[in-house]
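*Asks:* model the structure of this input:
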Amino acid sequence: MKLIRDLAALPDEIRAGAVAIGNFDGVHRGHARIVERLIAKAREVHGPAVVFTFDPHPVRLLRPAVAPPPLTWTDRKAELLSELGIDAMIVYPTDEALLSLSPEQFFASIVRESLDARAIVEGPNFYFGRDRAGTIDVLKRLAAAAGVSVDVVEPVVVAGEIVSSSRVRKLVADGRVEEAAQLLTRPYRIRGMVTHGAGRGAKIGFPTANVAAIDTLLPGLGVYAGAAWTNGQRYRAAINVGPNPTFGEQALKVEVHLIDFAAELYHQPLEVDFLARVRDIQPFASVEALRAQLERDVAEVRRVANGVQ
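*Replies:* Numbering: from 1, shown residues only. Predicted structure coming up:
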């Protein structure tokens with residue numbers, strides 16, 4: 001799959017295909033349904049299957065005070081969409097010039113001139129152009145005049161509710177990562193850089209990597225079973241999101257204990273999957289009581305992580 005950040009450098013083989021435009025935050029099952037139809041349409045028109053997305057999300061420029069934290073970063077989004085089989089993901093740099101385009105201007109400049117799209121695939125709640133004035137009906141009108149087909153894909157419904165990025169975001173924020181994983185195409189993942197901590201974990205036999213500079217939504221406070229990825233290798237991991245009340249620390253931290261791992265990770269990137277919530281954050285009366293609980297936590301992490309790849 002090609003990841004393209006500059007329309008001016010768009011290869012000819014990425015033009016004249018089927019296009020889906022949107023944020024695709026989290027890459028959930030609703031997005032997967034759109035991509036499935038996108039690939040089918042690309043085959044019909046004998047062109048590439050292309051996702052056109054934005055960085056940053058337009059709402060971060062339009063209404064930064066209410067912009068939700070993202071679920072995925074750009075390279076992770078590209079990785080997930082590549083797994084679904086698309087040919088290219090175009091990441092358009094969101095700026096005032098883009099946001100000022102009317103629906104007609106956006107369609108003419110982006111869809112027709114730059115992409116030369118032959119087919120468009122969207123969900124029912126798609127909006128485009130200045131002030132979100134471009135609706136599905138507007139898109140259909142513009143596309144019909146240009147001889148471009150439009151497919152509107154029905155949303156995916158799980159447990160009686162539509163799968164959406166906002167629904168996933170609420171589950172993750174509540175710590176309900178197992179439920180979130182049922183809506184996503186992969187378990188929820190964060191990334192960050194490993195920094196120096198107090199070193200207490202190593203002293204009691206459970207060294208942890210302190211992960212900072214996290215640029216996506218953080219799951220709710222708790223201890224989680226998960227997996228950590230470093231240098232392309234997967235390790236089962238016990239993850240603590242929150243303070244460390246046993247030692248009187250109230251600062252929110254993300255501490256990751258990689259099971260059966262002994263190398264140094266300082267100043268290296270670390271990606272962490274959240275598979276299941278194990279328990280609440282709680283203070284312990286002694287270091288011995290904490291160590292005993294950590295042993296139980298690791299046993300539970302081994303059980304959970306062994307069954308998820």
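*Asks:* hey, let's count contacts and neighbours off CA atoms from now on
*Replies:* OK.
*Asks:* run through who's touching stretch 108-124.
*Replies:* Stretch 108-124 has contacts (C-alpha atoms under 8 Å, 6 or more residues apart in numbering) with 7, 14-21, 34, 37-38, 41-42, 45, 136, 147-155.
*Asks:* so what's P269 up against?
*Replies:* P269 makes contacts with 191-194, 230, as judged by C-alpha under 8 Å, 6+ apart.
*Asks:* so can I have JSON lines of those showing pLDDT, secondary structure and neighbour count?
*Replies:* Converted to JSON lines, these look like this (pLDDT from 0 to 100; DSSP: H, G, I helix; E, B strand; the rest coil; neighbours: other C-alpha atoms under 10 Å):
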{"residue": "R191", "pLDDT": "98", "secondary structure": "strand", "neighbour count": "22"}
{"residue": "G192", "pLDDT": "97", "secondary structure": "strand", "neighbour count": "19"}
{"residue": "M193", "pLDDT": "97", "secondary structure": "strand", "neighbour count": "17"}
{"residue": "V194", "pLDDT": "96", "secondary structure": "strand", "neighbour count": "22"}
{"residue": "T230", "pLDDT": "95", "secondary structure": "strand", "neighbour count": "13"}
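*Asks:* just curious, which of the residues you listed is nearest to K203?
*Replies:* Each of the contacts of P269 was scored against K203 by C-alpha to C-alpha, and V194 proved nearest at 18.2 Å.
*Asks:* surely that closest one and A228 touch.
*Replies:* No - using C-alpha atoms under 8 Å, V194 is not in contact with A228, being 11.9 Å away.
*Asks:* what touches both of these two?
*Replies:* When contacts are counted by C-alpha under 8 Å, 6+ apart, the set common to V194 and A228 consists of L270.
*Asks:* so how far is the strand or helix carrying L252 from its chain's centroid?
*Replies:* Here L252, judged by DSSP states H and E, is contained in strand 249-258. Its chain's average C-alpha position is 22 Å from that of strand 249-258, according to C-alpha atoms, centre = their mean, to the nearest Å.
*Asks:* then stretch 196-208?
*Replies:* That offset, for stretch 196-208, works out to 30 Å (C-alpha atoms, centre = their mean).
*Asks:* flag the shaky bits of the chain, pLDDT-wise.
*Replies:* Applying pLDDT under 70 to the chain flags the ranges 308-309.
*Asks:* how about the nearest residue to the residue nearest in space to the middle of it, chain neighbours excluded?
*Replies:* The residue lying closest to the centre of the chain (C-alpha atoms, centre = their mean) is T72, at 2.5 Å. Nearest residue to T72, sequence neighbours excluded (C-alpha to C-alpha, 6 or more residues apart in numbering): G26, at 5.3 Å.
*Asks:* ok, that neighbour - contacts?
*Replies:* Contacts for G26 (C-alpha under 8 Å, 6+ apart) come out as 70-72, 77, 165, 168, 184.
*Asks:* would you say it is within a helix?
*Replies:* No - applying DSSP: H, G, I helix; E, B strand; the rest coil, one finds G26 to be coil, outside a helix.
*Asks:* phi first, then psi, for it.
*Replies:* Backbone geometry at G26, expressed as degrees, to the nearest 10, gives phi 90, psi -30.
*Asks:* how about the contacts made by the closest residue to V138 other than its chain neighbours?
*Replies:* Excluding the flanking residues, the one nearest V138 by C-alpha to C-alpha, 6+ apart is P103, at 7.9 Å. With contacts defined as C-alpha under 8 Å, 6+ apart, the neighbours of P103 are 128-130, 133-134, 138.
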